[in-house]
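**Q** Give the three-dimensional model of this entry:
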Amino acid sequence: MLKLNGEGAYRWHTFYGGSGDDHGGAIVLDGGGNIYVAGVSDATWNGPDGEAPLNAFSSIQHTSDIVVVKTSPKDRSTTIVTSSANPSSFGQSVTFTATVTSGVGTPTGMVTFKDGGVTLGTGSLNGSGVATYATSALAVGNHAITAEYSGDGNYLGSASDTLAQVVNKAGTTTTLQSSANPSTLGEEVTFTATVSGAGSTPTGSITFKDGGVTLGSGSLNGSGVATYSTSALAGGSHSITAEYGGDETYLGSSDTLEQTVNKAATTTTLQSSLNPSTFGEEITFAATVTSGVGTPTGSITFKDGGTTLDTVSLVGGVATYSTSALAVGNHSITAEYSGDGNYLASTGTLEQVVQMALWLPCVHVSHSAG
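**A** Numbers count the residues shown, from 1 in each chain. Model (predicted):
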């Protein structure tokens with residue numbers, strides 16, 4: 001009820017009632033089904049906010065006040081909205097539930113769910129006055145979710161308070177694989193990292209590491225896969241890690257595997273500078289160690305049968321040993337390569353023949369006179 005004085009100035013508004021007489025003069029029905037009654041009243045009503053009562057006849061020259069009463073055939077409704085998971089993670093399905101109640105009966109009709117000013121979808125109220133909307137498409141961040149009930153033939157519409165829905169970044173799983181494990185020194189190995197997450201495919205890059213040393217990086221393709229290839233791993237065991245740094249939607253993750261690189265095979269070739277030789281002549285034995293990849297390092301042990309002659313370091317894959325002390329006869333000369341951190345051992349052998357020196361007697365002929 002709205003109360004105006006005889007001058008048309010606002011005095012107060014309240015529910016219809018009070019002592020005295022009220023007189024209706026006209027009634028109007030609008031398109032929304034609301035009923036308006038206009039009339040006059042000489043009743044005494046309580047003032048607003050605990051003020052003293054107002055009376056139509058006190059210090060006012062007019063004898064009554066103008067009164068307009070509005071009534072609606074529809075009942076009020078109240079809408080609340082809740083979330084099934086708050087905070088949620090990106091890609092996680094979240095169900096928003098709107099419950100519409102009234103003092104009398106159960107409202108029917110539709111509820112519109114909104115994220116800020118953007119409509120997410122709609123849901124019909126069931127027999128308990130409940131409507132739901134589920135989505136897994138909310139972006140990472142904060143969302144202002146509301147539920148708006150449009151009303152029906154018996155109930156006025158209402159809107160919920162704003163629900164602050166938080167969507168966090170989603171977790172990921174990184175899986176690392178090797179194209180050849182174990183591999184051999186010099187063999188190319190391709191490491192493949194696959195990153196998966198809920199919903200869409202993660203983006204960004206992968207950093208590949210050997211222990212604490214960065215080998216290289218690769219960008220994730222449309223399938224969430226990045227690769228790195230190398231043939232430079234030394235022999236031995238390597239702790240290879242693929243580290244995904246995350247993106248705007250996904251958290252980072254990593255995976256590790258143990259890559260074994262076996263030593264490469266070698267071939268040792270032994271040559272003699274003079275074979276056969278003559279007793280007392282100097283002979284040089286040259287041992288050359290080769291492999292399918294790189295140049296072996298380490299040392300060569302030269303032997304005559306089971307007897308060690310000398311041990312010499314390789315220079316450019318070659319080691320030499322010279323001697324003039326071999327006895328007359330056949331000698332099984334061996335060059336034994338002991339291997340190193342990257343190369344396997346190997347041996348080269350030859351038969352060295354040392355011949356006896358030929359000594360011719362010197363005959364001196366003397367001729368005397370006569």
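
**Q** contacts, neighbours, all on C-alpha from now
**A** OK.

**Q** Give me the residue ranges of this protein where confidence is low.
**A** Along the chain, the parts satisfying pLDDT under 70 run over 1-20, 31-34, 42-65, 67, 69-73, 359-370.

**Q** go again using 90 as the cut-off
**A** Applying pLDDT under 90 to the chain picks out residues 1-74, 198-200, 357-370.

**Q** residue contacts, residue 76?
**A** With contact set as C-alpha atoms under 8 Å, 6 or more residues apart in numbering, residue 76 has these partners: 102-103, 155-158.

**Q** what helix or strand does residue 284 sit in?
**A** Per DSSP states H and E: residue 284 is located in strand 283-291.

**Q** Just the buried subset of the contacts of residue 76, please.
**A** 155-158 (16 or more other C-alpha atoms under 10 Å).

**Q** could I get those residues as JSON lines with secondary structure and distance to residue 118?
**A** Shown next, in JSON lines, are these (DSSP: H, G, I helix; E, B strand; the rest coil; distance: C-alpha to C-alpha, whole Å):
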{"residue": "155", "secondary structure": "strand", "distance to residue 118": "25"}
{"residue": "156", "secondary structure": "coil", "distance to residue 118": "23"}
{"residue": "157", "secondary structure": "coil", "distance to residue 118": "19"}
{"residue": "158", "secondary structure": "strand", "distance to residue 118": "18"}
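
**Q** for the stretch 1-150 of the chain, what spans make up the strands?
**A** For the stretch 1-150 of the chain, the strands defined by DSSP state E, counting those that start in this stretch cover 2-4, 10-13, 22-29, 35-41, 44-45, 54-55, 65-71, 78-83, 88-89, 94-101, 110-115, 118-124, 130-135, 141-149.

**Q** Next one: the nearest residue to residue 147 once chain neighbours are set aside relative to residue 96, how far apart?
**A** In space, not counting the residues next to it along the chain, residue 147 is nearest to residue 113; the distance is 4.6 Å by C-alpha to C-alpha, 6 or more residues apart in numbering. For residue 113, the distance to residue 96 equals 8 Å [C-alpha to C-alpha, to the nearest Å].

**Q** what touches both of these two?
**A** residue 133.

**Q** one step back: which residues does the residue nearest to residue 147 form a beta bridge with?
**A** For residue 113, the beta-bridge partners under DSSP bridges are residue 121, residue 147.

**Q** Contact partners for it?
**A** Contact analysis of residue 113 by C-alpha under 8 Å, 6+ apart lists 119-123, 133, 145-148.

**Q** Farthest pair within the residues you listed?
**A** Distance extremes for these: the farthest pair is 123 and 145 at 14.4 Å, using C-alpha to C-alpha.

**Q** Those two: which has the busier surroundings?
**A** Between residue 123 and residue 145, residue 145 has the larger neighbour count (other C-alpha atoms under 10 Å), namely 23 against 19.

**Q** The more buried one and residue 166 touch, don't they?
**A** No: the pair residue 145 and residue 166 does not pass the contact test of C-alpha atoms under 8 Å, sitting 10.2 Å apart.

**Q** Check whether residue 335 sits in a helix, strand or coil.
**A** At residue 335 the chain is in strand, as set by DSSP: H, G, I helix; E, B strand; the rest coil.

**Q** Is it correct that it is in contact with residue 348?
**A** Yes: the pair residue 335 and residue 348 passes the contact test of C-alpha under 8 Å, sitting 5.1 Å apart.

**Q** which of those two has more neighbours?
**A** Set residue 335 next to residue 348 and count neighbours by other C-alpha under 10 Å: residue 335 wins out with 32 against 18.

**Q** Report the spatially nearest residue to the more buried one, omitting neighbours in sequence.
**A** The shortest distance from residue 335 to any non-neighbouring residue, by C-alpha to C-alpha, 6+ apart, is to residue 302 (4.7 Å).

**Q** Quick check: that neighbour vs residue 314, distance?
**A** For residue 302, the distance to residue 314 (C-alpha to C-alpha) stands at 12 Å.

**Q** ok, back up a step: which is the next helix or strand following the strand holding residue 284?
**A** Later in the chain than strand 283-291, the nearest helix or strand by DSSP H and E is strand 299-304.

**Q** Show me what that next one is packed up against.
**A** Contacts defined by 3 or more C-alpha pairs under 8 Å, 6 or more residues apart in numbering; DSSP states H and E place strand 299-304 against strand 307-313, strand 318-323, strand 329-337.

**Q** in its sheet, what does it sit against?
**A** Here, using DSSP bridges, strand 299-304 pairs with strand 307-313 (antiparallel), strand 329-337 (antiparallel).

**Q** just the ones you listed: most buried one?
**A** Mean neighbour count (mean count of other C-alpha atoms under 10 Å) peaks for strand 329-337 among those, with a mean of 21.

**Q** got the angle between that one and strand 318-323?
**A** Between strand 329-337 and strand 318-323, the angle comes out at 150 degrees (axes from the mean of the first three to the mean of the last three C-alpha atoms, to 10 degrees).

**Q** Quick one: distance of strand 329-337 to the chain centre.
**A** Here strand 329-337 is found 61 Å from its chain centre; the criterion is C-alpha atoms, centre = their mean, to the nearest Å.

**Q** Enumerate every residue touching residue 132.
**A** Each residue near residue 132 by C-alpha under 8 Å, 6+ apart is listed here: 95-98, 123-124.

**Q** and what of residue 122?
**A** Residues counted as contacts of residue 122 (C-alpha under 8 Å, 6+ apart) are 110-113, 133.

**Q** most neighbours, which of these?
**A** residue 111 (29 neighbours).
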